[in-house]
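>>> for reference, the sequence and a predicted model appear below.
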Amino acid sequence: MKKILFAVFAMVLTFGVADVSAQMMGKKNENPMVGGAAMYKTKDIVDNAVNSADHTTLVAAVQAAGLVDTLKSKGPFTVFAPVNSAFAKLPAGTVETLLKPENKATLAEILTYHVIAGNFSAKDVMGAIKKGNGKAEFTTVAGGKISAMLEGSSVILMDEKGGRSTITIADVKQSNGVIHVVDSVLLPN
């Protein structure tokens, strides 16, 4: 009994009372950390993304494309949100070129290619993959298609050009949808 109490006490000191009680009750973290910041399901997609150190390039791109008001609207939206390192994988100078005012339409198309109308949790995506015998296809807000499939335990997204991205953090709930963090930028045809 002493060992159990000591273990619980050590967990409380290490993780905090709220985390231990959530773990003991089998609850998921209601406010997952993304880019060093808590993501609150009571905030919208933009208000959460601006706090993530991993999404500064995405936030700058959303602002440059004039999509802030759209992504702050009621939605719901499912956003596959590329991290800064995903944008860094693009050829040198690509991001800088896309951020120029004369490329606003192209940038908006690329960003809305990462958005699906509706609220698709990881469970929904997995269900669609299963229903599609290993592959699901989704129509993006940009009008293009992205495919989702499993590789081991990872969900892989594929764009129309064959580019691939892995969902690294799923089900980051927002007041107007859900974000799934991805490790590569998807490009429309």
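On my side now, so go ahead. Residues are numbered from 1 along each chain as shown.

>>> next secondary structure after the helix or strand where residue 110 lies?
Assessed by DSSP states H and E, residue 110 sits inside helix 104-112. Using DSSP H and E, the helix or strand that follows helix 104-112 in sequence is strand 115-117.

>>> helices and strands around the longest strand along the chain, which ones?
Counting residues, the longest strand found in the chain (DSSP state E) is strand 164-174. Counting contacts by 3 or more CB pairs under 8 Å, 6 or more residues apart in numbering; DSSP states H and E, strand 164-174 packs against helix 45-49, strand 77-82, helix 122-131, strand 154-158, strand 177-182. Any C-beta I mention is one placed from the backbone N, CA and C, and that applies to glycine too.

>>> compare these and give me the one nearest residue 66.
Nearest to residue 66 among those is helix 45-49 (12.3 Å), distances taken as CB to CB.

>>> okay, buried residues for that closest one please.
Neighbour-count burial for helix 45-49 flags 45-49 (criterion: 16 or more other CB atoms under 10 Å).

>>> which helices and strands does the next helix or strand after it pack with?
Counting by DSSP H and E, the next helix or strand C-terminal to helix 45-49 is helix 56-64. In terms of contacts (3+ CB pairs under 8 Å, 6+ apart), helix 56-64 is packed against helix 45-49, strand 77-82, helix 84-88, helix 94-98, helix 104-112.

>>> tell me the most buried of those?
strand 77-82 (a mean of 25; mean count of other CB atoms under 10 Å).

>>> list the helices and strands that strand packs on?
With contacts defined as 3+ CB pairs under 8 Å, 6+ apart, strand 77-82 has these neighbours: helix 45-49, helix 56-64, strand 115-117, strand 164-174, strand 177-182.

>>> give me the mean pLDDT for that strand.
Averaged over strand 77-82, pLDDT sits at 94.

>>> wait, which of the helices and strands packed on strand 77-82 is closest to residue 189?
strand 164-174 (15.1 Å).

>>> now the angle from that closest one to strand 177-182?
Orientation of strand 164-174 against strand 177-182 (axes from the mean of the first three to the mean of the last three CA atoms, to 10 degrees) gives an angle of 150 degrees.

>>> flag the shaky bits of this structure, pLDDT-wise.
Within the chain, the segments meeting pLDDT under 70 span 1-29, 33, 35, 37.
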